[in-house]
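1. Next one to model:
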Amino acid sequence: MAFYDGLIETLGLSNWCGEADAGGGGPVTMAELLARANGGGAGAPEPDVPLLETPFPSLDTLHRSCDAIPRTRDMTEAVEQGFLNIKDGLKFVLDPLTTPLGWLLDASLDLFQATPWFIMIPLLMLLTWVTARSVGVLVLVTLSFLFMAFIDHYNEAIQTLSIIFVCTIFSVVLGVPIGIAMSKSNTMQRIAIPILDMLQTLPTFVYLIPLIFLFSVTESKLYGIAIILYAIVPVIRLTDLGIRLVDKDVIEAADAFGMSNWQKLTGVQVPLALPNIMAGINQTIMMSLAMVVIASLVSAPGLGRLVLRGINNLELGVGLVAGFCIVLLAVLLDRATKAALGRINSSEQ
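-> From the prediction side, this is the model:
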C-alpha cells in the first residue's frame with residue numbers, strides 16, 4: 001500500500017526491508033501464485049488506495065510493503081512447528097497417564113453392548129429407581145429406551161451412554177479433588193480460574209486439533225480426553241463454590257469439637273456442599289453428551305455417528321431421528337440427576 005510504503009521510507013526502514021527482499025521472502029502463498037499467474041508478480045506496484053480506505057496495519061498488509069515483516073501465515077506456521085517440536089515429549093508423558101482411560105472406554109463399550117437388552121433395560125430401571133426414587137422418571141426412562149430399541153437406535157444409545165458413564169466418572173474423580181483444593185487455597189483458585197475459563201470458552205472442535213496430532217484416530221482415549229477436558233469444568237467450579245459457601249459458624253463448631261481437617265472435610269464440608277457438587281455432576285453429564293456428538297468426527301461411536309452420517313450423506317431423516325434420540329437421552333439423564341439432587345436436598349432439611 002502506498003501509505004505504508006511512504007511510512008517505511010519516512011522511518012528509514014527501506015534498507016532493512018530491501019535486505020529481506022533479497023533473501024527470497026519465504027514461501028509463496030496461494031494468493032501470490034494466483035496474482036503471478038494473472039500477470040501481477042511479486043514486484044508489481046500496489047494500486048493507489050484513498051486515504052480513508054487505508055487498510056488496518058495487519059501483518060499481511062505490512063508485509064506487502066516490507067518483506068522483513070512476517071505474515072500471519074508465518075506466525076501460524078511457527079505455532080504449528082512449536083507444537084510439533086514438543087509433540088514427542090507430550091506423547092511420552094500423556095500415553096501412560098491416559099492409557100487407563102482408553103482401557104475403560106473400550107471395556108465399558110464391550111460390556112454395555114454385550115449385555116442383552118432384556119437385562120440392560122431392567123438394570124437401568126433399577127439404577128434410576130435407586131438414585132431418583134421417582135415413578136415419573138422411572139416410567140420416562142423405561143419408555144424412552146423401549147422406543148429407541150423399537151426404532152433400532154438402541155445400540156447407538158447404549159454406546160453413547162457408555163461413553164458418558166466413563167467420562168463422567170473420570171471427570172468426578174479428577175474434578176472434585178481439584179475443586180476441594182481450590183476451595184482451600186485462594187492462590188490455587190486464582191491460578192485455576194483462567195484455565196477453567198479457557199476450557200469452558202474454547203470452541204468444541206478446537207479440543208480435537210492437538211489431540212489428533214498426539215494420538216491415533218482409532219484410539220478411544222482421543223475422544224475421551226476431549227470429552228473430559230470439556231466437561232470437567234462445572235464439577236470443579238461448583239465443588240469449589242459449595243465448600244466455600246459452607247457456613248462459617250458450622251466450621252467454628254467443628255473446630256470447637258476438635259475435628260481434624262480431614263474430619264471437617266469429610267464429615268461437614270463435603271456433605272453440606274453435596275447439593276452443589278451434584279449440580280456440577282449434572283452439568284458435567286450434559287456437557288459430556290454434547291461433546292460426544294462432536295467427538296464422532298474422530299471415530300467416537302454412538303448416536304453422534306448417525307448425526308454425522310446424516311450431515312455427510314444429506315440424509316435428513318437419519319440426522320433428525322438421531323438428534324431426537326440425543327435430546328431424549330439428555331432429558332433422561334437430566335431428570336434422573338435432578339431427582340437425585342432433590343432427594344439429597346430434602347434429606348438435609
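
2. Near G6, how many other residues are there?
-> For G6, the number of neighbouring residues by other Cβ atoms under 10 Å comes to 11. All C-beta spots, glycine's among them, are computed from the backbone N, C-alpha and C.

3. Pull out the buried positions in the helix or strand where it lies.
-> If you go by DSSP states H and E, G6 is part of helix 2-10. The neighbour-count criterion (16 or more other Cβ atoms under 10 Å) identifies 3-5, 8 as the buried residues of helix 2-10.

4. what's the answer for stretch 310-327, then?
-> Along stretch 310-327, the positions that meet the burial threshold by neighbour count (16+ other Cβ under 10 Å) are 310, 318-319, 321-323, 325-326.

5. and these as TSV, adding secondary structure and distance to I158?
-> Conversion of the buried residues of stretch 310-327 to TSV gives the following (DSSP: H, G, I helix; E, B strand; the rest coil; distance: Cβ to Cβ, whole Å):
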residue	secondary structure	distance to I158
G310	helix	20
V318	helix	18
G319	helix	20
V321	helix	16
A322	helix	14
G323	helix	17
C325	helix	11
I326	helix	13
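
6. what would those look like in JSON lines with distance to T168?
-> Formatted as JSON lines, the buried residues of stretch 310-327 follow (distance: Cβ to Cβ, whole Å):
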{"residue": "G310", "distance to T168": "26"}
{"residue": "V318", "distance to T168": "27"}
{"residue": "G319", "distance to T168": "26"}
{"residue": "V321", "distance to T168": "25"}
{"residue": "A322", "distance to T168": "21"}
{"residue": "G323", "distance to T168": "21"}
{"residue": "C325", "distance to T168": "19"}
{"residue": "I326", "distance to T168": "16"}
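
7. Quick check: nearest residue in space to the residue sitting nearest the centre point of the chain, chain neighbours excluded?
-> With distances taken as Cα atoms, centre = their mean, Y230 lies nearest the centre of the chain, 2.7 Å away. Excluding its sequence neighbours, the residue lying closest to Y230 (Cβ to Cβ, 6 or more residues apart in numbering) is M291, at 4.6 Å.

8. What is the neighbour count of the one you found?
-> If you count neighbours by other Cβ under 10 Å, M291 ends up with 25.

9. In JSON lines: the buried residues of helix 2-10, plus pLDDT and distance to T72.
-> Rendered in JSON lines, the data for the buried residues of helix 2-10 read as follows (pLDDT from 0 to 100; distance: Cβ to Cβ, whole Å):
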{"residue": "F3", "pLDDT": "72", "distance to T72": "20"}
{"residue": "Y4", "pLDDT": "72", "distance to T72": "16"}
{"residue": "D5", "pLDDT": "75", "distance to T72": "20"}
{"residue": "I8", "pLDDT": "76", "distance to T72": "19"}
